[in-house]
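Peer 1: No letters, just coordinates:
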């Protein structure tokens, strides 16, 4: 099954070129040039991975990550950054980012991470569904 | 040192973005070529043209960024030199592109037809204005609109100010020196409102520039008078 990803970066030319490369790798890709625009999408929950630029005008990557995780902790976020600092990286991981890659990222590495994100999300969704089923079975209402 | 670090960080970030686009564009062309090879087809010329066009655009963009950095690097060459204020303010605005974008702010530089040149340290002037920008942006919150107006210094009845300044009557006489006014309108979210500026380091810069400074938080502007 093709991974469904959302790419968010304020550099329109970057995001479109990366999207074209991802599509040629059989991924289903949507793009946004700001975090605010991305978060307005009604289908945010449906992505296997969100690839997000750390430094963006307006809502930056960390703020967007916080908002995404608040909405749906199962969503997997990979951050891209032009200037990775150890502190920002640690902070991003603590906030639930799956990984932080430095720009320009290697396409094969990014592809691997996206596939990993898809697998992780699947495990989390399955675990949540099983828990839900167990709760229903164990409830008095059943 | 901090100023140099901030400018270098902003510029290197811009260069990284350019490199990322060049890398992805070259990669995309490589993907097209690999597919064409696998299918024993010719690589469509429009794909090559699109990719080379994108790379050319980004190389020109990088050239502009590096030129800017070079102008900034040479600002330390002389302790005092003829500094054209319009050019320096435009350079400041270009260097501050990321700083402004990070706060969704805009900076408009307004220069007069006649060049205004002062004798000063270009580096110190840029440093002082950079700190001013930072302080204003910290105080106004995201989405602020800033305007930096350059004019020649004028003297009217014992006061020195810009030509056409409201409230000043009588014939204005242009005197040597420059007048810079940074005004701002706060964005959607208002911060503390008043910039905490100038601090001790900026006061030292002012002394080195032999400049006069006036901050008017109510009117949301500050004025720098250079000799």
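Peer 2: Okay, I see it. Keep in mind it's a predicted model, so treat the numbers as computed, not measured.
Peer 1: Can you classify the spatially most central residue of chain A by secondary structure?
Peer 2: Geometric centre of chain A, nearest residue: residue A:50, 2.2 Å, by C-alpha atoms, centre = their mean. Secondary structure assignment for residue A:50 (DSSP: H, G, I helix; E, B strand; the rest coil): strand.
Peer 1: mind listing what it touches?
Peer 2: Residue A:50 makes contacts with A:5, A:6, A:8, A:38, A:44, A:68, A:75, A:76, A:77, A:78, as judged by C-beta atoms under 8 Å, 6 or more residues apart in numbering or on different chains. No exception for glycine: its C-beta is placed from N, CA and C like everyone else's.
Peer 1: longest helix of chain B?
Peer 2: When chain B is parsed with DSSP state H, its longest helix is helix B:2-38.
Peer 1: Now find how far off-centre the helix or strand following it is within its chain.
Peer 2: Using DSSP states H and E, the helix or strand that follows helix B:2-38 in sequence is helix B:45-73. Its chain's C-alpha centre and that of helix B:45-73 lie 20 Å apart, by C-alpha atoms, centre = their mean, to the nearest Å.
Peer 1: now check helix B:45-73, is it near chain A?
Peer 2: Yes: applying C-beta under 8 Å from any C-beta of the partner chain, one finds helix B:45-73 in contact with chain A at B:54, B:57, B:58.
Peer 1: Of those residues, keep whichever come out buried.
Peer 2: B:54, B:58 (16 or more other C-beta atoms under 10 Å in any protein chain shown).
Peer 1: interface residues of chain B facing chain A?
Peer 2: Residues of chain B lying near chain A (C-beta under 8 Å from any C-beta): B:9, B:12-13, B:16-17, B:19-25, B:27-28, B:31, B:35, B:54, B:57-58, B:98, B:101-104, B:142.
Peer 1: Now do the contacts for residue B:210.
Peer 2: B:226, B:227.
Peer 1: now the one 10 residues further on
Peer 2: By C-beta under 8 Å, 6+ apart, the residues touching residue B:220 are B:183, B:184, B:185, B:186.
Peer 1: Packing partners of the longest helix of chain B?
Peer 2: helix A:12-23, helix B:45-73, helix B:85-95, helix B:97-101, helix B:122-140 (3 or more C-beta pairs under 8 Å, 6 or more residues apart in numbering or on different chains; DSSP states H and E).
Peer 1: For the contacts of residue B:220, pick the one with the most neighbours.
Peer 2: Within the contacts of residue B:220, most neighbours by other C-beta atoms under 10 Å in any protein chain shown means residue B:184, with 21 neighbours.
Peer 1: helix/strand/coil for it?
Peer 2: strand.
Peer 1: Disregarding residues adjacent in the polypeptide, which is nearest to it?
Peer 2: residue B:146 (4.6 Å; C-beta to C-beta, 6 or more residues apart in numbering or on different chains).
Peer 1: How about residue A:61?
Peer 2: Closest to residue A:61 by C-beta to C-beta, 6+ apart is residue A:54, at 3.7 Å.
Peer 1: Just to check, the one you found is in contact with residue A:101?
Peer 2: No: if you go by C-beta atoms under 8 Å, residue A:54 and residue A:101 don't touch, sitting 9.9 Å apart.
Peer 1: Please identify every residue contacting each of these two.
Peer 2: With C-beta under 8 Å, 6+ apart as the test, residue A:54 and residue A:101 both reach A:79, A:80, A:81.
Peer 1: Quick check: the second one vs residue A:51, distance?
Peer 2: This points to residue A:80. Between residue A:80 and residue A:51 the computed distance is 6 Å (C-beta to C-beta, to the nearest Å).
Peer 1: if you count what's nearby, which of the two comes out ahead?
Peer 2: Each of residue A:80 and residue A:51 has its neighbours counted (other C-beta under 10 Å); residue A:51 has more, 28 against 25.
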